[in-house]
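1. Okay, here's the prediction I keep looking at, along with the sequence it came from:
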Number of protein chains: 2
Amino acid sequence: MVDNINQNSSQGMPINSLSDALQKVTHAYRSAMTQAIREAEVPLPVTHVRVLKAVSHMSDCTANAIAQRMRRDKAQITRVLNELLASGLINKRGNPADRRSQLLEPSIAGTAMMQRIKQLEQQTLARMTRDLNPDEVELFICLARRMTDNLDASPVQPLNSLENPV
Amino acid sequence: MVDNINQNSSQGMPINSLSDALQKVTHAYRSAMTQAIREAEVPLPVTHVRVLKAVSHMSDCTANAIAQRMRRDKAQITRVLNELLASGLINKRGNPADRRSQLLEPSIAGTAMMQRIKQLEQQTLARMTRDLNPDEVELFICLARRMTDNLDASPVQPLNSLENPV
DNA sequence: CGCAATTGATTGACATTATCAACCAAGCCG
DNA sequence: CGGCTTGGTTGATAATGTCAATCAATTGCG
């Protein structure tokens, strides 16, 4: 069962290097994207790019929806959105269903920006996965998702029931 | 103008969700570790933990070696080391081979701290991988490393030689 | 209806992490 | 020696993450 807790010292410490590998690949990807973005003279930090991406992809997009989808603090999302708004990359319009919230959508400029960013991302991802076949990429994504779900599902519960892990 | 937002690949959008999956699993892991650390009343931010870990695991450890191994700015490493030093978790001693640098090692307290941290990390990793078998974990690590290496190997190639990886 | 509780969004304050440039001292090499 | 590199430090600043408080709109309910 959970005997893999101690696999570390017994053999090649496969589990422990998981965190290492994760940190490194994420950092490498971030750096690559940051660099690509700067070289393409797209004056946006990575988080802004990701939020813009979310706005572009989600229909009926609200600030809260982004925060949940990206699993980030809504305060941070608000700030990023404000800057994107100030840059004229997105538009706000009232939500007819709820006057507290606004629906977000990319502006013309924002859509154009997304095109460029998408290219950069594709290039970076292609570079990153250049010696992987699609199955391997898919497998990696699948494993990553399962791990994410595992962590989200059980927020450190001591000895509770595992009834409804979704 | 917005026609090809979803032009990722042949089908789904497997490539694009790679960055998403990566960000999410990393964030989930970081959050879990941060929470575990706080709950265990270990007063150290995650980066400090990782640096302490590096100091504990590397022989003839220097600041520069850590920076390279963790692929982080050496300035940040210096600062983290200074705080670990101030907390009495590590010791510096002169490097006989090079008087510019100092060799780093965990103190008694640092070693003890590492024990506790190691437990927390094992718990978190075990939780994260609880429905994965060791082969899957190993595969994930392997894929992550290959992607990291891919990005490191070719810093942004412009046009030519798409099949000529340096 | 009236009102407490909730929700979406915002703001302030702050901690953590990342990046860049300048700098110093020690080593290297001609 | 004099120029260059290298390990480490410092300052400045950007970017990211987290928490708490607030406000207005909405909801639930007696």
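-> The structure has been received and is ready for your questions. Residues are numbered from 1 along each chain as shown, chains lettered A, B, ... in the order given.

2. Check the offset of stretch A:71-79 from the chain's centre.
-> Stretch A:71-79 has its C-alpha centroid displaced from the chain centroid by 13 Å (C-alpha atoms, centre = their mean, to the nearest Å).

3. Same question for stretch A:103-118.
-> 17 Å.

4. Return the mean pLDDT over that stretch, rounded to an integer.
-> Averaged across stretch A:103-118, pLDDT comes to 93.

5. Can it be said to contact DNA strand C?
-> No - Stretch A:103-118 does not reach DNA strand C (C-beta under 7 Å from any atom of the strand); its nearest approach is 7.5 Å. In this view, the C-beta of every residue, glycine as well, is placed from N, C-alpha and C.

6. what residue ranges in chain A score low on pLDDT?
-> A:1-16, A:154-166 (pLDDT under 70).

7. In the longest helix along it, which residues are buried?
-> Longest helix in chain A by number of residues (criterion: DSSP state H): helix A:16-39. By neighbour count with 16 or more other C-beta atoms under 10 Å in any protein chain shown, helix A:16-39 contains the buried residues A:16-33, A:36-37.

8. From DNA strand C, how far out is A:Arg116?
-> Distance of A:Arg116 to DNA strand C, given as C-beta to the nearest atom of the strand, to the nearest Å: 20 Å.

9. For that residue, grab the count of nearby residues.
-> 13 (other C-beta atoms under 10 Å in any protein chain shown).

10. which secondary structure elements does the host helix or strand of it contact?
-> Using DSSP states H and E, A:Arg116 falls within helix A:108-128. For helix A:108-128, the packing partners by 3 or more C-beta pairs under 8 Å, 6 or more residues apart in numbering or on different chains; DSSP states H and E come out as helix A:16-39, helix A:46-57, helix B:16-39, helix B:134-153.

11. near DNA strand D, anything from it?
-> No - on the criterion C-beta under 7 Å from any atom of the strand, helix A:108-128 is out of touch with DNA strand D, staying 13.1 Å away.

12. For chain A, what lies in contact range of DNA strand C?
-> Residues of chain A lying near DNA strand C by C-beta under 7 Å from any atom of the strand: A:27, A:30-31, A:34, A:62-65, A:74-75, A:78-79, A:81-82, A:92, A:95, A:98, A:100-102.

13. out of these, which are inside strands?
-> Mapping the residues of chain A next to DNA strand C onto strands (DSSP state E) picks out A:Lys92, A:Gln102.

14. Buried ones among the residues of chain A next to DNA strand C?
-> A:His27, A:Arg30, A:Ser31, A:Thr62, A:Ala63, A:Ala65, A:Leu81, A:Gln102.

15. center of chain A - which residue?
-> What sits nearest the mean C-alpha location of chain A, by C-alpha atoms, centre = their mean, is A:Met70, with 5.7 Å.

16. That residue contacts A:Ala54, correct?
-> Yes - because the distance of 6.3 Å satisfies C-beta atoms under 8 Å, A:Met70 is recorded as touching A:Ala54.

17. of all the helices and strands packed on helix A:108-128, which lies closest to DNA strand D?
-> Closest approach to DNA strand D among the helices and strands packed on helix A:108-128 is made by helix A:46-57 (3.3 Å; C-beta to the nearest atom of the strand).
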